[in-house]
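Student: Dropping a prediction and its sequence here:
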Amino acid sequence: MTCMTGAKSGVKPSTDRTLIIAALGVVFGDIGTSPLYAVQTIFERGAIRPVSIDRASVYGVVSVIFWSITLIVTILYVRLLTRADNDGEGGLLSLLALLQRQQLSSRALGVLITLGILGAALFFGDSMITPAISVLSSVEGLEIIDPGLKAFVVPGAVVILVALLVAQRWGTARVGKLFGPVMALWFAAIAICGAAEIVREPAILQALSPYWAVRYFAANPLTAFLSLGGVVLVVTGAEALYADMGHFGRPAIVWSWLAVVFPALTLNYLGQGGLLLRSPSSAHNPFFLLAPHWALLPMVALATLATVIASQAVISGAFSVTHQAARLRYLPHLRVIHTSSEERGQIYMPFVNWTLLVAVAAMVISFRSSSRLAAAYGLAVIGTIAVSTVLFFALLCARGQWSRWKVVTVGAIFLAVVLSFLVANTVKIAEGGWLPVSIALVLFIVLTTWRRGRQLSNASRDRKEGELRSFVDDLHDDEVGVQRVAGCAVFLSRGEGKAPLAMRTNVQHNHSLHASTILLTIETTSAPRSQPGQRVSVDDLGFSGDGISHVTARLGYMDHPSIPVLLKEALDKGLESTTDDIDAASYFVSVPRMRVTIAPGMVRWRKHLYVMTSRLTTDPVEFLGLPRDRTIVMGAEIDI
């Protein structure tokens, strides 16, 4: 079976052990901690329709778990989706960016973009629930050590999560070096615990046969179908596997999964199945009861570390996806703080962080147990996987690298599996599934409102800015009385042919314009990073005699703009200026104020939502890397 790659794979042909261990710490924390709560959720008495603990049912559930991981994670994600890279980058937004490069009708692209926005909204819901359920499930191990410690579970989980999120402002580069070895120890520990139980109950190995999964569904179709709502928890973190591909490359992720993670998970799930057959009363927490009594406390400590690591990976992913969404213009530009001078991907976003802190603490306090949170978790996870699956096969079809019948056939198989999980999870809406649905709905409204609001405000701004040609002609009108002053000025422009608002406002109020005027347009491409030597172009637009030049900078959606650096690159492309001019240039930025009107285009409440969201936009001076002592911020009013 063949698939496709982007223009450049972005990965090395060989993979060393260091990269594999590093991938264990960042990529597989979420899916690697799923054994803490997945089996418990399926068999626990509090489930919507708990599965009876008999040999056929246990074999059936473990078989469904094994083949779900095989189909969704190993084949769909590791085998297929990781080959659909955007210059080495993966993830749902990368898929969306790849689709935007294809020759699709505006209607088809609009539908796919809407689906992509929905998937991003579900991912943010996942980012809120993952830390809560992961840490809570690990701290619940205290109850196994001593039932009297139950009262400390919720407060302990809250303290750990608050400390983790507060620590984000200092970055995770140093702590991150420990993630890989800790997770390697975690996978070794869960594999050993599982293998020890398999030795006691070797018949559980029969569950690797798909026969038991088929028999399970045939004997108890309704119970089996509803149990998919718990089985889906074993594939949590599949999207992170794909999204983090740009950090480690495909080979490291593939080898980590096949050589370490998949075998360890398989052994542990088999072990939990064997334990249930030997001791049905262990259903309330089969994971920790796999460990011998003397190892319980170390196992709880290791599980807590592993879930903190899993939470850290999801939190960092939320920062990264938010930043990418803003650069792709699905969100306003939020404040970004770079926490590492060496790794540009190490970022901290205060607004996102504090939102996560409030949401995660509220979830732990409200749900109070991992089994209750599990009902909320499944919908967010499988919803994101479903969207990624649709976008992936749509991309295959658009590129024509697979025949249409092959896309339809293979796509139908995977969609049938994924949608079965999705439908099974809808029955859990009343039990907590309403939470990710509510979060996703709110975020979907915010994302789509921002996208539509930008279209309206840009159209209004175009009308207000007017044509550059007529503006330059007015400069020569003696009645206007514009003085050309010495020096260099840089105005942010939204495209060729338009007079930037800041320049028009400056001339209107100050009746002056610098002798050397540079109009700079920043375009965000669908590629993650710009190619060296190709990101800046210069054009005088026919105004060289007027001292006006236009510079276009094309940046990838993961690049971080610095206008002074871009302008110095433009000097090599023919910009008629000097390094001294750039070093002493004045920068003019327009910060418009939105005013809601009765004009058509969007209902009034969504216009107000757009205005509120726009207030979250970061300081443009900081975002664009402008020198504050030489930057003039000018106001403007835009009607929407």
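Tutor: Cool, the structure landed. Everything numeric in this text was worked out from a predicted model, so none of it was measured.
Student: quick one, domains of this protein?
Tutor: Split into domains by automatic domain parsing, the chain comes to 17-427, 463-639.
Student: what's the spacing between the last one and its chain's center?
Tutor: The one in question is domain 463-639. 30 Å (CA atoms, centre = their mean, to the nearest Å).
Student: Could you dump the domains of the chain into CSV with mean pLDDT, mean neighbour count and distance to Ile439 added?
Tutor: C-beta here means a position set from N, CA and C on the backbone, and glycine is covered the same way. As requested, the domains of the chain are arranged in CSV below (pLDDT from 0 to 100; neighbours: other CB atoms under 10 Å; distance: least, CB to CB, whole Å):
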stretch, mean pLDDT, mean neighbour count, distance to Ile439
domain 17-427, 85, 20, 4
domain 463-639, 81, 16, 16
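Student: Distance to Leu447 for those domains - can I get that in JSON lines?
Tutor: Below are the domains of the chain laid out as JSON lines (distance: least, CB to CB, whole Å):
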{"stretch": "domain 17-427", "distance to Leu447": "5"}
{"stretch": "domain 463-639", "distance to Leu447": "9"}
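Student: and stretch 506-516, how far apart are its ends?
Tutor: Start and end residues of stretch 506-516 are separated by 15 Å (CA to CA, to the nearest Å).
Student: which residues are in contact with it?
Tutor: Defining contact as CB atoms under 8 Å, 6 or more residues apart in numbering, one finds that stretch 506-516 is touched by 471, 475, 480-489, 503, 547, 549, 576-577, 581, 586, 588, 632, 634.
Student: Of those, which belong to strands?
Tutor: Gln483, Arg484, Val485, Ala486, Gly487, Cys488, Ala489, Ser549, Ser586, Phe588, Ile632, Met634 (DSSP state E).
Student: Looking at those, which is nearest Ile445?
Tutor: Using CB to CB, Met634 comes nearest to Ile445 of these, at 31.7 Å.
Student: List the contacts of the closest one.
Tutor: Leu501, Ala502, Thr505, Asn506, Phe588, Val589, Ser590, Val591.
Student: if I look at Ser371, how far off is Gly378?
Tutor: According to CB to CB, to the nearest Å, Ser371 and Gly378 sit 12 Å apart.
Student: let me redo that: Ala499
Tutor: Going from Ala499 to Gly378 by CB to CB gives 53 Å.
Student: residue ranges of the strands in the stretch 451-600 of the chain, please?
Tutor: Along the stretch 451-600 of the chain, counting by DSSP state E, counting those that start in this stretch, strands occupy 483-493, 512-524, 536-539, 548-555, 586-595.
Student: want to throw those strands into a markdown table with distance to Val158?
Tutor: Output for the strands of the stretch 451-600 of the chain, formatted as a markdown table (distance: least, CB to CB, whole Å):
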| stretch | distance to Val158 |
| --- | --- |
| strand 483-493 | 44 |
| strand 512-524 | 39 |
| strand 536-539 | 49 |
| strand 548-555 | 40 |
| strand 586-595 | 38 |
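Student: and Arg83, which of these is closest to it?
Tutor: Evaluated with CB to CB, those place strand 512-524 nearest to Arg83, the distance being 24.9 Å.
Student: what about the helices in the stretch 151-300 of the chain?
Tutor: With DSSP state H, counting those that start in this stretch as the definition, the stretch 151-300 of the chain shows helices at residue ranges 153-166, 173-200, 210-219, 221-231, 238-243, 245-248, 250-256, 262-278, 286-289, 296-327.
Student: Cheers, nothing more for now.
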